[in-house]
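[1] Okay, here's the prediction I keep looking at, along with the sequence it came from:
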Amino acid sequence: MQHRSEETRARILTSAESLFARKGYDATGVADICDSAGVSKGAFYHHFPSKQAVFQALLEDWLQQLDLEITQKLANSSDIPSGLITMAGQTGKIFEGARTRAVIFLEFWMQASRQPEFWQVVVDPYYRYVHFFSEKFKEGIVEGSLSPNLDPEMASRLLIAMTLGILLQAFFDPSGTSWEEVTRQGVQSLIEGFRKKEL
């Protein structure tokens, strides 16, 4: 029974993601999602109290996947710079369906600009990642692999800005190049500039 319930939830999310990307959030109704997923409205509301909750769940599920990938790569590395470069070189999950996900992100920003209740949902992950990478850069300074003059928060914001910029480019030109390789080279160049210089 639980397995069937999880399958239903997954179908709702998959259908909603496709519809939000194709039609937009405002033009997609609960009935559209139910029709696409092949579920009743009762089944929909059993899993989600509203369309907004589905929207939020899509972001949360994607971020959970991303968090797992990031922490695994950093945990298995010899130092912080190596971990960040390894992480960037294996960002396949980030760019799987990049065009669809970028559309979803743009929809999130549009909704956030109009609806205050969306705002925290959108900005909380950003601040969480700023803090997370700031702490990693601090660890790198303490372990002696990064320059003691590095500003951890500034470095974190630069890393995130570059990653978001690459994701947006992948949306505009998904097959134009290997965005995974662009990310790896970009992060490597950034991190090499942050390394402690040997005298």
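    Yes, it's here.

[2] Please make it C-alpha for all contacts and neighbour counts, starting now.
    Fine.

[3] And the spatially closest residue to residue 48 that is not a sequence neighbour, what's its pLDDT?
    Counting by Cα to Cα, 6 or more residues apart in numbering, residue 48 lies nearest to residue 54, which is 6.3 Å off, once chain neighbours are set aside. Residue 54 carries a pLDDT value of 94.

[4] Any idea how many residues pack against residue 54?
    The tally of other residues near residue 54 (other Cα atoms under 10 Å) stands at 21.

[5] My reading is that it lies in a strand. Confirm?
    No - counting by DSSP: H, G, I helix; E, B strand; the rest coil, residue 54 is located in no strand; its state is helix.

[6] What's the per-residue pLDDT of residue 94 here?
    pLDDT, read off for residue 94, is 63.

[7] what do you get for the one 10 residues further on?
    We have a pLDDT of 77 for residue 104.

[8] ok, for it, nearest residue in space, not its chain neighbours?
    residue 21 (5.8 Å).

[9] before we move on, back to that, for the residue nearest to residue 48, what are its contacts?
    Applying Cα atoms under 8 Å, 6 or more residues apart in numbering, we find residue 54 in contact with 13, 16, 48.

[10] Next, the buried residues of the longest helix seen in the chain.
    In the chain, taking DSSP state H as the definition, the longest helix is helix 116-143. Of the residues in helix 116-143, 118-119, 121-122, 129-131, 133-134, 136-141 count as buried by neighbour count, 16 or more other Cα atoms under 10 Å.

[11] Most neighbours out of the contacts of residue 54, which is it?
    That'd be residue 16 among the contacts of residue 54, by other Cα under 10 Å, with 26 neighbours.

[12] my guess is that one meets residue 31, correct?
    No - applying Cα atoms under 8 Å as the test, residue 16 and residue 31 come out as separate, 10.7 Å apart.

[13] Would you point out which residue is most central in the chain?
    residue 63 (4.9 Å; Cα atoms, centre = their mean).
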